[in-house]
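Trainee: Provide a 3D model corresponding to the input given below.
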Amino acid sequence: MTLALAQSMIDTDGYDHATSVGYFLDWLDTGRFSSADKSFDWGGTTRLSLRYWRTDIAKIGERKQLEKTQQTVRKIARRVAGVQSEVTHPMRSCMEACQLYTDLMTGVMLGESKEQLFERVKSFEFINPNPQLANRIRKYKTLQEWKATKPEDITSTGFVIDTLECVLWGFFRYNGFANGAIAVVNLAGDADSVGAIYGALAGAYYGVECIPSIWTSKMQKPDLIEQVANQFAEKVAANAFASS
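Mentor: Numbers count the residues shown, from 1 in each chain. Predicted coordinates:
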């Protein structure tokens with residue numbers, strides 16, 4: 001689904017809700033963007049949500065057209081992340097977790113240090129009346145507290161709040177892509193999801209050259225992944241995304 005979303009942004013020079021949902025449905029129905037030529041390992045919530053959008057896709061553009069306004073990149077990214085999360089997981093905690101993650105990714109692309117990225121986490125404005133996500137993340141008052149937390153104190157369950165904590169813990173506690181990746185995957189639980197989410201953040205931060213070649217050499221459809229990644233990076237570098 002990451003490849004589907006990235007390709008939709010490449011093809012539309014920004015974020016177009018109908019295109020992204022359409023590409024998700026292509027993945028679900030035909031295996032487009034999949035490493036196995038078929039969709040697999042989808043959760044029940046994802047499949048049910050996409051089925052809903054299939055029956056209503058003609059109206060997506062009408063309801064989800066985002067106004068073009070002059071805003072900071074940070075605000076635009078937050079708005080888009082919230083709308084995108086709503087496609088499959090319209091719960092407020094999921095939407096805010098995606099918004100915080102996207103805010104971090106924005107900082108990474110701006111070349112910020114881990115100290116600066118931690119400040120983004122610390123200053124993130126949670127607006128969900130249910131404080132569960134905010135309380136979990138805000139309990140880490142300093143970057144050192146993330147580093148001092150031991151693996152046995154982190155839980156990987158597939159629950160969005162646990163997943164985000166796992167990812168941030170692996171990213172802030174460990175130096176190097178591989179060290180953090182091994183740590184979060186070895187927490188077990190929802191290892192594939194946590195590994196993928198950590199991998200995107202850490203991969204953007206450290207760079208593709210820091211991913212062990214013994215791992216990348218085993219990837220399925222590396223040409224497809226490289227093509228989409230390169231085209232997406234070119235769009236970002238050229239600042240070609242519209243404020244939508």
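Trainee: buried stuff in stretch 1-9?
Mentor: By neighbour count on 16 or more other Cβ atoms under 10 Å, the buried set for stretch 1-9 is 1, 3-9. Bear in mind the C-beta positions are built from the backbone N, C-alpha and C, glycine included.
Trainee: would you list these in JSON lines and tack on secondary structure and pLDDT?
Mentor: JSON lines is the format used below for those (DSSP: H, G, I helix; E, B strand; the rest coil; pLDDT from 0 to 100):
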{"residue": "1", "secondary structure": "coil", "pLDDT": "91"}
{"residue": "3", "secondary structure": "helix", "pLDDT": "95"}
{"residue": "4", "secondary structure": "helix", "pLDDT": "95"}
{"residue": "5", "secondary structure": "helix", "pLDDT": "94"}
{"residue": "6", "secondary structure": "helix", "pLDDT": "94"}
{"residue": "7", "secondary structure": "helix", "pLDDT": "96"}
{"residue": "8", "secondary structure": "helix", "pLDDT": "94"}
{"residue": "9", "secondary structure": "helix", "pLDDT": "91"}
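Trainee: which members of the residues you listed are the farthest-apart pair?
Mentor: Using Cβ to Cβ, the two most remote members of the buried residues of stretch 1-9 are 1 and 9, lying 12.7 Å apart.
Trainee: list the buried residues of the biggest helix by length in the chain.
Mentor: Longest helix in the chain by number of residues (criterion: DSSP state H): helix 92-109. In terms of neighbour count (16+ other Cβ under 10 Å), helix 92-109 has its buried residues at 92-108.
Trainee: got a list of contacts for it?
Mentor: Applying Cβ atoms under 8 Å, 6 or more residues apart in numbering, the external contacts of helix 92-109 come out as 73-74, 77-78, 80-82, 84-86, 89, 116-117, 120-121, 124, 126-130, 132-133, 137, 160-161, 163-164, 167, 197, 200-201, 204-205, 236.
Trainee: now list the buried members of those.
Mentor: 77-78, 80-82, 84-86, 89, 117, 120-121, 124, 126, 133, 137, 160-161, 163-164, 167, 197, 201, 204-205.
Trainee: related to what we said a few turns ago, and which of the buried residues of stretch 1-9 is nearest residue 178?
Mentor: The closest of the buried residues of stretch 1-9, once distances to residue 178 are taken by Cβ to Cβ, is residue 3, at 22.5 Å.
Trainee: hang on, the earlier thing: the longest helix of the chain: how far from the chain's middle?
Mentor: 7 Å (Cα atoms, centre = their mean, to the nearest Å).
Trainee: so residue 38 is in which element?
Mentor: Using DSSP states H and E, residue 38 sits in no helix or strand.
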